[in-house]
Each structure stands twice: as C-alpha cells, then as structure tokens.
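Colleague: only the shape, not the letters, is given here:
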C-alpha cells in the first residue's frame, strides 16, 4: 500500500510544478515543524496520525492548484490555524504573496515561528478577527477551508476581495452554508479519504448574502 507521503509526492508530479524536489523538501520541513509545534499549541487534532498530514491536509490544501494559478497573486488564508491551506500553497507557489489570518494569538505566534523557520518570503501573519481586518488593494484570492461561511463573514470578505477576486471554499459533502450563494464549482475529486470540491464566489455573490 502506498504511503501518504508517496501519494502526496505523486500529486506534486501531477501538478507539474517547477522545482518539484525543492517543494517536497519544504513539505518535509513543514511536516516536522507542525508535529513539533503541535505538542505545544493545538494546531490540528492530536489524535490524527502524523502520516495523514500528507494527504488530508497537505494534498487537500493544494487541490485548487488543479484549476487556479496563484503565481504573483495576493492571497489571504482566512482562519489559518496551523497554516493550512496557506503555507502549503505558499510552499508550492513561492511567487504568490500570502497573508495568514487567525484571531487566536497563540496560533499566530506559532504561525510566525513556522514562517520564520521555513524562511518563507512575502508571507505575513496577522492576528485579528476577520471583521476587524482591512488590507489596502484587496486580495486576488481568499482561501476558506474548514471554516463554516457564516452570514457575519460575508461583508468583510467582500470588502477584502479585489475587483475580480474570488473566495475559494474547500468543501467535502456538506456545502449547505454556501449553497444559497450559488457558487461556481471549480473542481470535484474522489480521493482515498473522501470526496472534495472547490467552489468559487465573487464579490457580487457575497453581496447577495448580506
């Protein structure tokens, strides 16, 4: 049976990213650091097997790369937690400009340590509630994974999107929270760990929900 790391490595091959070996080495470092920091700060479930990080978190985080080119884009990871999906996207596409946003101070301190030890350039960590955060110029993409899209988030997310920007939502079976907004389904895949889909919402669609 193929290991989770081998499955992730094969997924990187499918993406045909430049500098693939260096990217995989970056994920090896990230994997080790996440396990180290998770013993101090709860960044992901401590009951989850360490091997599952490769598929259920790393591979999952990179699914939008199947249909979106983040090169040169300004990207916000909303509710970043342990840096997922923002850090995987940044590791895979070093040319994007990433902001990791979380409202929990101990998590953002852990994120700052991750960013520093991984030596990620153009990767900012912000400790703030979404409702209190503003950014000049807006973001080309906002990533929303493992976060239920509540009504109170719609207006601030709309304000943070640049013209033509998209909110990318990672969903499994349940996407009832965004269904009324009529999102565009960009991708759907059946993976060993379950069904996954990526949906996109623009500024106008976020307006209809607020």
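Modeller: Good, I have the coordinates. Source: prediction; values computed, not measured.

Colleague: for this protein, which strand is longest?
Modeller: Secondary structure of the chain per DSSP state E: the longest strand is strand 161-171.

Colleague: how far is stretch 27-44 from where the chain is centred?
Modeller: Relative to its parent chain, stretch 27-44 has a centroid offset of 16 Å by CA atoms, centre = their mean, to the nearest Å.

Colleague: got the residue ranges for the helices in the chain?
Modeller: Taking DSSP state H, the helices of the chain run over residues 4-15, 20-38, 60-61, 86-92, 105-117, 151-160, 203-208.

Colleague: go through those helices and name the closest to residue 141.
Modeller: helix 86-92 (9.0 Å; CB to CB). All C-beta atoms are positioned from the backbone trio N, CA, C, and that covers glycine.

Colleague: what packs against the closest one?
Modeller: On a contact count with 3 or more CB pairs under 8 Å, 6 or more residues apart in numbering; DSSP states H and E, helix 86-92 meets helix 20-38, helix 60-61, strand 74-78, strand 97-102, strand 123-127.

Colleague: tell me which other helices or strands the longest one touches.
Modeller: By that I understand helix 20-38. Counting by 3+ CB pairs under 8 Å, 6+ apart, the packing neighbours recorded for helix 20-38 are helix 4-15, helix 86-92, helix 105-117.

Colleague: in the longest one, which residues are buried?
Modeller: For helix 105-117, the neighbour count (16 or more other CB atoms under 10 Å) marks 107, 108, 110, 111, 113, 114, 115 as buried.

Colleague: leaving out chain neighbours, which residue sits closest to the second one?
Modeller: If I follow you right, that is residue 108. In space, and not counting its chain neighbours, residue 108 is closest to residue 127: 3.9 Å by CB to CB, 6 or more residues apart in numbering.

Colleague: pLDDT score assigned to the one you found?
Modeller: We have a pLDDT of 97 for residue 127.

Colleague: that'll do, ta.
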